[in-house]
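[1] Take a look and give me a structure for this.
(one chain, ligands or ions: 1)
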Amino acid sequence: MRTKLVIDNVALSDHNEELGLYQFIVTFTDRSKARVFMRRDPEWKVSSVNRLLNIPCTICRKDYYCKCFEKHAPDIENQLVEGEHIQGALASKAQ
Ligand SMILES: [Zn+2]
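    All right, here's what the predicted structure looks like:
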């Protein structure tokens, strides 16, 4: 069973700077995607992770909604915060 999700790419989807709320579309190296809701308060925190249904879940293989990615929210948050993903997504939006 696969448990390790590795972030490949992050794109800003929606944001409200006043409230510090951000939505990112995160693509993983296994091609799965998730919509990630984050707060900047001022530390970045993941508030929820919703897997997109572009491919079956790479963890449990379900083709429908499951909680796998939500369970990995702390890991996803670590990768987002420690990598340059968020800065990169915000910078490409500003261009
Ligand atoms: Zn799953």
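
[2] which stretch of helix or strand covers residue 91?
    Following DSSP states H and E, one finds residue 91 within helix 85-94.

[3] swap that for residue 76, please
    Secondary structure from DSSP H and E places residue 76 in helix 73-82.

[4] can you give me the mean pLDDT across stretch 31-45?
    For stretch 31-45, mean pLDDT rounds to 95.

[5] Next one: it, is it in contact with the ion?
    No: counting by Cβ under 5 Å from the ion, the ion has no neighbours in stretch 31-45; the shortest distance is 9.4 Å. Quick note: C-beta positions are derived from backbone N, CA and C, even for glycine.

[6] Now do stretch 82-95: everything it contacts.
    With contact meaning Cβ atoms under 8 Å, 6 or more residues apart in numbering, stretch 82-95 is reached by 7, 9-12, 15, 22, 24, 26, 38, 44, 79-80.

[7] Now do the contacts for residue 69.
    By Cβ under 8 Å, 6+ apart, residue 69 lies in contact with 5, 32, 34, 49, 50, 51, 57, 59, 76.

[8] Can you flag which of those residues belong to helices?
    Judged by DSSP state H, the contacts of residue 69 include residue 76 as members of helices.
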